[in-house]
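*Asks:* A structural model of the following input is requested.
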Amino acid sequence: MPTARVSVLLVVLSGILFGTAGTAQALGPSDTTPLGLGILRIQIGAVALLVAMPFLGGSPRRLLHLWRQPAILITSISAAVYQLCFFAGVLQVGVALGTLVAVGTEPIFAGLLGWRILRHRPTPGWLAATLVCVAGLVLRSVGSLSGAGEAVGAAVGSAPVTGLLLALGAGLCSAGYTVAAKRQLDLGATALEVPTASFVLGGVLLLPILAGQPLGWVAAPSGAALAVYLGVATMAIANVLLTRAIHGLTPGPVATLMLTDPVVATLLGVVVLGERLDLLAALGLLLVCGGLMAQGILAARGSPDDQEPVPVL
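*Replies:* Residues are numbered from 1 along each chain as shown. Sure thing, here's the model as predicted:
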């Protein structure tokens, strides 16, 4: 098991890789579809991990055993359903609001699920750091929500319940993956086996939906490069790092530190894509960074074994 400090570093590195996905997509072919890209991302990541397993000391035969484990079934379903909930939710309520709800609720869900299922007591420090990060995300998103204007208003007005519930479902799926992965790691699985088993099964579950997506863009060199990058870097490598980090931290702090993702995505948007931040958005970004720094310091001082267990409610 990595030390708490190493785990903090690993989850931040994972968040950095995740944060490059949006910029990579923006630089790719214009005819990609978010859902098709998201499904291919899982499937290519699964293939990359399968190929890498023998070279990293793993065995694909272990997957047959893992697929019989309840925790792996949960991680697989969570990985698959996340794609459906997130992209469907964003479609109904807009990118800014859908992303804010999905990303902002994940740490809360992870902390509560970790408490309920794994008996890791949430700490006041984690709660304070998480609330600071979420407040910063809200400030960061205010300009985007306002800029969306009537389109967001129309989307929220026409399907507020289903769109927001889908975005909440995405946050819950992401948190569920983290908690279930932590559970399977505690039972002896490795940081390589958990994402491999999850993405292979999750990718298979999504095959029927992928069949209905336009995939002509993959034939272009830029499209193929985009799909490979997202699958290998932001799915395979990022999730192995994340799972390794989960081994050394409790789910709540892991999910909070994963908010490195939107920070990196925002910075890349400014530097690479020429986007601009207004004063309120910049203040929100600084607030998120402050919360992340506080959470990183707090998490680096402890370990899951230091958490006082409480009875399952």
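
*Asks:* for the chain, which spans come out with low pLDDT?
*Replies:* 143-159, 302-313 (pLDDT under 70).

*Asks:* ok, now which ones touch the residue nearest to Gly114 when sequence neighbours are not counted?
*Replies:* Leaving out its chain neighbours, the residue that sits closest to Gly114 by Cβ to Cβ, 6 or more residues apart in numbering is Pro251, at 3.7 Å. In this view, the C-beta of every residue, glycine as well, is placed from N, C-alpha and C. By Cβ atoms under 8 Å, 6 or more residues apart in numbering, Pro251 lies in contact with 110-111, 113-114, 118, 120, 175, 178-179, 182.

*Asks:* ok, now Pro60?
*Replies:* Per Cβ under 8 Å, 6+ apart, neighbours of Pro60: 50, 53-54, 196.

*Asks:* With adjacent residues omitted, what lies nearest to the residue nearest in space to the middle of the chain?
*Replies:* By Cα atoms, centre = their mean, the chain has its centre lying nearest to Ser174, at 5.8 Å. Nearest residue to Ser174 in three dimensions, chain neighbours excluded: Glu106, at 4.7 Å (Cβ to Cβ, 6+ apart).

*Asks:* Thought Gly169 was touching that neighbour, still the case?
*Replies:* No: using Cβ atoms under 8 Å, Glu106 makes no contact with Gly169, being 11.2 Å away.

*Asks:* hang on, the earlier thing: which member of the contacts of Pro251 is positioned nearest Leu40?
*Replies:* Taking Cβ to Cβ as the measure, Leu40 lies nearest Thr178 of the contacts of Pro251, at 22.8 Å.

*Asks:* so how far is Ser59 from the closest one?
*Replies:* 25 Å (Cβ to Cβ, to the nearest Å).

*Asks:* between those two, which one's more packed in?
*Replies:* Thr178 (29 against 11; other Cβ atoms under 10 Å).

*Asks:* From Ala71, how far off is that one?
*Replies:* Distance from Thr178 to Ala71, by Cβ to Cβ: 11 Å.

*Asks:* sorry, back to before: of the contacts of Pro251, closest to Leu100?
*Replies:* Nearest to Leu100 among the contacts of Pro251 is Ala175, at 15.7 Å by Cβ to Cβ.

*Asks:* and after the helix or strand in which the closest one is found, which helix or strand comes next?
*Replies:* Assigned by DSSP states H and E, Ala175 falls within helix 160-186. Note on helix 160-186: by DSSP H and E, the next helix or strand toward the C-terminus is helix 193-205.

*Asks:* Now do the following helix or strand past that next one: which elements does it pack against?
*Replies:* The element immediately downstream of helix 193-205 (helix or strand, assigned by DSSP H and E) is helix 207-210. Packing partners of helix 207-210 (3 or more Cβ pairs under 8 Å, 6 or more residues apart in numbering; DSSP states H and E): helix 34-52.

*Asks:* Alpha carbons of the helix it packs on, as PDB, please.
*Replies:* Extracted in PDB, the C-alpha atoms of helix 34-52 (Å, rounded to 0.1, in the frame of the first residue of the first chain):
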ATOM      1  CA  PRO A  34     -19.600  12.900 -26.800                       C
ATOM      2  CA  LEU A  35     -21.400   9.600 -26.100                       C
ATOM      3  CA  GLY A  36     -19.500   7.700 -28.900                       C
ATOM      4  CA  LEU A  37     -16.200   9.200 -27.800                       C
ATOM      5  CA  GLY A  38     -16.900   8.300 -24.100                       C
ATOM      6  CA  ILE A  39     -17.700   4.700 -25.000                       C
ATOM      7  CA  LEU A  40     -14.700   4.300 -27.200                       C
ATOM      8  CA  ARG A  41     -12.600   5.800 -24.400                       C
ATOM      9  CA  ILE A  42     -13.600   3.000 -22.100                       C
ATOM     10  CA  GLN A  43     -13.200   0.300 -24.600                       C
ATOM     11  CA  ILE A  44      -9.700   1.400 -25.900                       C
ATOM     12  CA  GLY A  45      -8.600   1.800 -22.200                       C
ATOM     13  CA  ALA A  46      -9.800  -1.700 -21.600                       C
ATOM     14  CA  VAL A  47      -7.800  -3.100 -24.500                       C
ATOM     15  CA  ALA A  48      -4.700  -1.100 -23.500                       C
ATOM     16  CA  LEU A  49      -4.900  -2.500 -20.000                       C
ATOM     17  CA  LEU A  50      -5.400  -6.100 -21.300                       C
ATOM     18  CA  VAL A  51      -2.400  -5.800 -23.500                       C
ATOM     19  CA  ALA A  52      -0.300  -4.300 -20.700                       C
END
